[in-house]
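In: Predicted model and sequence below, questions to follow.
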Amino acid sequence: MPKHVPQGSKGFNPFADLIGLSFTKQESGWSKCQLNVEESLLNPYGMLHGGVIYSLADAAMGAAFYSTMDESERCATVEMKIASFKPITSGILNCTVTVVHRSKRLGYLEAEVKSQEGIVDRASSTFSIYETRGNSQ
């Protein structure tokens, strides 16, 4: 049975809560989340910090991949590549992720980040899958 990220719940992903990321949809192998660009997320030049884009894509990819896993499985990012097309200074970003491939131990995902003006970033990532023992998360 696929796992689901609780919609609108605080505390499930404390880091996502910290940057203001919220999940809006999740299906098996797919997710969508949203981020309101706040002043606290800008770099010294007044643009959205690249680490925020990375975090947005990584969290969204984790949610999409999470939905394909069994209860005993967990995942971790192995690598990620991001291509940025436009600087962001304000507004709302939406990140949509698709699990392109999943094997027993690895997954490959792609993400697209959009603002009101269109696509601002694309990301791809490889995730590893590992088994947990007992009831630990």
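Out: Yep, it's here. Numbers count the residues shown, from 1 in each chain.
In: do you know how far the residue positioned nearest the centre of the chain is from residue 131?
Out: With distances taken as CA atoms, centre = their mean, residue 60 lies nearest the centre of the chain, 1.8 Å away. Per CB to CB, to the nearest Å, residue 60 is found 24 Å from residue 131. C-betas here are computed from N, CA, C, even on glycine.
In: And for residue 105?
Out: 10 Å.
In: got it, and residue 24?
Out: 30 Å.
In: Same question for residue 38.
Out: 38 Å.
In: next one: residue 26
Out: 22 Å.
In: So for those two, which sits in the more crowded spot?
Out: residue 26 (22 against 9; other CB atoms under 10 Å).
In: Beta-bridge partners for that one, please?
Out: Residue 26 has the following beta-bridge partners by DSSP bridges: residue 31.
In: same thing with residue 106?
Out: Counting by DSSP bridges, the residues bridging with residue 106 are residue 128.
In: Can you give me every residue that contacts residue 62?
Out: 75, 77, 127 (CB atoms under 8 Å, 6 or more residues apart in numbering).
In: ok, now with 7 Å
Out: residue 75 (CB atoms under 7 Å, 6 or more residues apart in numbering).
In: same deal with the one 10 residues further on?
Out: Contact partners of residue 72, counting by CB under 7 Å, 6+ apart, are 131, 132.
In: Could you do residue 27 as well?
Out: residue 67.
In: what's the answer for residue 83, then?
Out: Contacts of residue 83 (CB under 7 Å, 6+ apart): 121, 122.
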